[in-house]
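Undergrad: Structure here, sequence nowhere to be found:
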Ligand SMILES: NC(=O)c1ccc[n+]([C@@H]2O[C@H](COP(=O)([O-])OP(=O)(O)OC[C@H]3O[C@@H](n4cnc5c(N)ncnc54)[C@H](OP(=O)(O)O)[C@@H]3O)[C@@H](O)[C@H]2O)c1
């Protein structure tokens, strides 16, 4: 018997923020956390849908408006949370889009990268100092098996491109960015000696509204076949996020996903990411780019000289100054 919601410890006294909690995996994650006693902030693009979701949740919740396709909205949401809460135990970066109806976010970023990664990068940076001294606090970032098809450059050109709307590669790149972000955040938190850890998860495959976008013609039959053979109900698809958020045996830097059928379904276990997702040089490059594009800089003091994390990284990566994270200011 694998890990189930029965393993979720009592969450009384804890505050969790889940992005994209109005539907799908985010809703299920929020529902279970609230049922186990957490106060859950549902950070939702559409507050009407957010409130409807809250009504279906048995527990303590609050809805905060958050549109990750707008940095102004991200700042407003972070401001509201900071006004109302002095500490945050869990931040679940769950919201996501695939093949959306728009090409670019309000700030001109390619839609997948803008919503799935840059919006979450900014939100996390603006909230992190509510977490870094809270014992057991975690940032969970939801990636995807699709990070493996995130080919190409994760750079200014990709971020400003307007060609990704119906591209699995563009979605995959944003999910690769989620993984690189989660790992670099963990690295920085560990160097800083923060109480917070960063963990990544992926849900496998689940027939949620994510698949109601506007995919390229070829993707439809592939997705339909994949759904028949690999998919699992949303309750099971939320388990990797939940385990990443609450299992004391899970450590910072872990990546959890379903354990059966090529990672499409099954109980949540530690899983492997692609080689690209493990590149230290790439994750540092993405971090710098994300700070430049969002204008959210993670405050660093004092700076320490950090040796590259592994021998594999030494060949291409220059020595870098890595700064402890103590919070962030836009
Ligand atoms: N389902 C799968 O097979 C699958 C596979 C791999 C990874 N994932 C990942 O799992 C996560 C959850 O997806 P899901 O399957 O649960 O999809 P979903 O049912 O479509 O839910 C996505 C959530 O994100 C929200 N959202 C979309 N754009 C947003 C924005 N600009 N600002 C704030 N919130 C926004 C949606 O809000 P609205 O209700 O307003 O649309 C919704 O609450 C995503 O990160 C996705 O990439 C899913």
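TA: Received the coordinates, thanks. The structure displayed is predicted, hence computed values, not measured ones.

Undergrad: what about the helices in the stretch 151-300 of the chain?
TA: 156-160, 168-192, 219-230, 234-237, 239-246, 280-294 (DSSP state H, counting those that start in this stretch).

Undergrad: for the first one, which positions count as buried?
TA: Spelled out, that is helix 156-160. Residues of helix 156-160 classed as buried under the neighbour-count rule (16 or more other C-beta atoms under 10 Å) are 158-159. Bear in mind the C-beta positions are built from the backbone N, C-alpha and C, glycine included.

Undergrad: I'd like to know which elements it is packed against.
TA: helix 280-294 (3 or more C-beta pairs under 8 Å, 6 or more residues apart in numbering; DSSP states H and E).

Undergrad: can you give me the angle the helix it packs on makes with helix 168-192?
TA: 100 degrees (axes from the mean of the first three to the mean of the last three C-alpha atoms, to 10 degrees).

Undergrad: do you know which of the helices of the stretch 151-300 of the chain lies nearest residue 124?
TA: helix 168-192 (7.0 Å; C-beta to C-beta).

Undergrad: Just the mean pLDDT for that closest one, thanks.
TA: Across helix 168-192, pLDDT averages out at 96.

Undergrad: residues in contact with the one residue sitting closest to the centre of the chain?
TA: The chain has residue 141 as the residue nearest its centroid, 2.5 Å off, counting by C-alpha atoms, centre = their mean. Residue 141 sits next to 93, 120, 178-179, 181-182, 185, 198-201 when contact means C-beta atoms under 8 Å, 6 or more residues apart in numbering.

Undergrad: Mind telling me what element it is part of?
TA: strand 138-142 (DSSP states H and E).

Undergrad: roughly how far is that strand from the heart of the chain?
TA: Offset of strand 138-142 from its chain centre (C-alpha atoms, centre = their mean, to the nearest Å): 5 Å.

Undergrad: which of the contacts of residue 141 lies closest to residue 71?
TA: Nearest to residue 71 among those, with distances taken as C-beta to C-beta, is residue 120, at 11.6 Å.

Undergrad: quick one, what contacts that closest one?
TA: 19, 68, 93, 95, 141, 178, 181.

Undergrad: Any chance of a markdown table for the residues you listed, columns distance to residue 48?
TA: As requested, the contacts of residue 120 are arranged in a markdown table below (distance: C-beta to C-beta, whole Å):
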| residue | distance to residue 48 |
| --- | --- |
| 19 | 17 |
| 68 | 17 |
| 93 | 23 |
| 95 | 16 |
| 141 | 27 |
| 178 | 27 |
| 181 | 30 |
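
Undergrad: among the residues you listed, which are within reach of the ligand?
TA: 19, 68, 95 (C-beta under 6 Å from any ligand atom).

Undergrad: for the stretch 51-200 of the chain, what spans make up the strands?
TA: 61-65, 90-93, 138-142, 197-201 (DSSP state E, counting those that start in this stretch).

Undergrad: List the residues that contact residue 43.
TA: Counting by C-beta under 8 Å, 6+ apart, the residues that residue 43 touches are 17-21, 50, 64-66, 77, 95, 123.

Undergrad: mind redoing it with 10 Å?
TA: Applying C-beta atoms under 10 Å, 6 or more residues apart in numbering to residue 43 gives the contacts 17-22, 26, 30, 50, 62-68, 74, 77-78, 80-81, 91-95, 123.

Undergrad: Next, it: secondary structure please.
TA: When classified by DSSP: H, G, I helix; E, B strand; the rest coil, residue 43 comes out as strand.

Undergrad: Quick check: pLDDT value at it.
TA: 98.

Undergrad: Give the burial count for the closest residue to it other than its chain neighbours, as a bare number.
TA: Nearest residue to residue 43 in three dimensions, chain neighbours excluded: residue 66, at 4.0 Å (C-beta to C-beta, 6 or more residues apart in numbering). Burial of residue 66 is recorded as 27 neighbouring residues (other C-beta atoms under 10 Å).
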